[in-house]
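# the following comprises the amino acid sequence and a computationally predicted model.
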Amino acid sequence: LFGTETGLSRRALNARTHLLLTAAVWTRNWIESYDLHDYPRVCGTIADILMHGLGTAGAQWSTTTDEPLRPSMGTANGEISNDLFLQAATRLVNEQGYVGASVDKISAELKVTKGAFYHHIENKDELITACFKRTLDIVRELQLIAAERNTSGWSQLCDCAQLFVRYHLSPSGPLIRFTSWVSLPEPMRSDMQAEIRRVTQRFTSFFVDGMVDGSLRILDQSVASHLLSGCLNASAELQNWVADVGPDEGV
């Protein structure tokens, strides 16, 4: 993955390192759904996917060039929109965690008072929950776009990947990092974890379609879905690993 024979640039190797570390760390969030005796098989599947990819022999990476992204919401009648609050909170949670994303910092980033903050959101827990719901709604939307405009499982996955990266690196992004769910209080934590698993499960249909139409290799679609979901979500931090990365290079 990292030898000189890959011919990859330093930037590409940085991105690949980010992918590998994400795959390892994210596994902690879903591995408990497997029996302990299945861990070696799961590990083998993860390694197989990372080293040999998802597509069958001859599969070519392809994406669309359009960007069906939601526009960033500005101000209405001089007031900051609710979506801008969620964007600012998402950025701070991704960078500094639940504790670091204080009301003061969010308000300062948007150049508004605390009073303006509480006009939109009652408390911090409600804010973080709203960030998660916004992200999950957008993930579902991107999955539907990819499913509706592609015919093979492979092309659906390629399209979904490029949509994720473009959104993260767009003015409307990023989406909240799924790993932030661990900082939520119960029962919000369990609710968000369940929602994350549901959107991850939707990737399974892409893999099943691809195995049926022959565009994807035969592999454990459940493991592949977890791996894909975590790595696509982690592209929210790609710019920290590849400085000044733009949407086209990011894809």
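That came through, no problem. Numbers count the residues shown, from 1 in each chain.
# pull the helix or strand where Leu50 lies out as PDB, backbone CA atoms only.
Applying DSSP states H and E as the criterion places Leu50 in helix 39-52. What follows is helix 39-52, C-alpha atoms only, in PDB (Å, rounded to 0.1, in the frame of the first residue of the first chain):
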ATOM      1  CA  TYR A  39     -12.900 -11.300  14.000                       C
ATOM      2  CA  PRO A  40     -10.200 -13.000  11.900                       C
ATOM      3  CA  ARG A  41     -12.600 -13.400   8.900                       C
ATOM      4  CA  VAL A  42     -13.700  -9.700   9.300                       C
ATOM      5  CA  CYS A  43     -10.100  -8.600   9.500                       C
ATOM      6  CA  GLY A  44      -9.200 -10.600   6.400                       C
ATOM      7  CA  THR A  45     -12.100  -9.000   4.500                       C
ATOM      8  CA  ILE A  46     -11.000  -5.500   5.500                       C
ATOM      9  CA  ALA A  47      -7.400  -6.200   4.400                       C
ATOM     10  CA  ASP A  48      -8.700  -7.700   1.100                       C
ATOM     11  CA  ILE A  49     -10.800  -4.700   0.300                       C
ATOM     12  CA  LEU A  50      -8.000  -2.200   1.100                       C
ATOM     13  CA  MET A  51      -5.400  -4.000  -0.900                       C
ATOM     14  CA  HIS A  52      -7.500  -5.300  -3.900                       C
END
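# pLDDT weak spots in this structure?
65-81, 113-114, 116-122, 183 (pLDDT under 70).
# can you give me the strands in it?
75-76, 79-80 (DSSP state E).
# returning to what we had before: list the buried residues in the helix holding Leu50.
Val42, Thr45, Ile46, Ile49, Leu50 (16 or more other Cβ atoms under 10 Å). The C-beta positions use only the backbone N, C-alpha and C, and glycine is treated the same way.
# quick check: the first one vs Leu228, distance?
What it means is Val42. Going from Val42 to Leu228 by Cβ to Cβ, to the nearest Å gives 14 Å.
# what about the helices in this structure?
Remark: helices assigned in the chain by DSSP state H are 10-26, 39-52, 82-100, 103-110, 114-120, 124-148, 153-168, 188-213, 221-234, 238-241, 247-250.
# buried sites along the last one?
Within helix 247-250, the residues that qualify as buried are Pro247, Gly250, counting by 16+ other Cβ under 10 Å.
# show residues contacting that helix.
By Cβ atoms under 8 Å, 6 or more residues apart in numbering, the surrounding residues in contact with helix 247-250 are Arg11, Glu67, Val165, Arg166, His168, Leu169, Ser170, Ser235, Leu238, Val242.
# surely the last one is in contact with Asn14?
Yes: using Cβ atoms under 8 Å, Val242 is in contact with Asn14, at 5.4 Å.
# was I right about Tyr222 contacting Thr204?
Just to correct that, residue 222 is Ser rather than Tyr. Yes: using Cβ under 8 Å, Ser222 is in contact with Thr204, at 6.5 Å.
# who has more neighbours out of these two?
Ser222 (18 against 15; other Cβ atoms under 10 Å).
# enumerate every residue touching the more buried one.
Thr204.
# gap between it and Thr200?
Ser222 is 9 Å from Thr200, by Cβ to Cβ.
# what's the answer for Asn14, then?
Asn14 is 26 Å from Thr200, where distance means Cβ to Cβ.
# could you report the neighbour count for Asn240?
There are 12 residues near Asn240, going by other Cβ under 10 Å.
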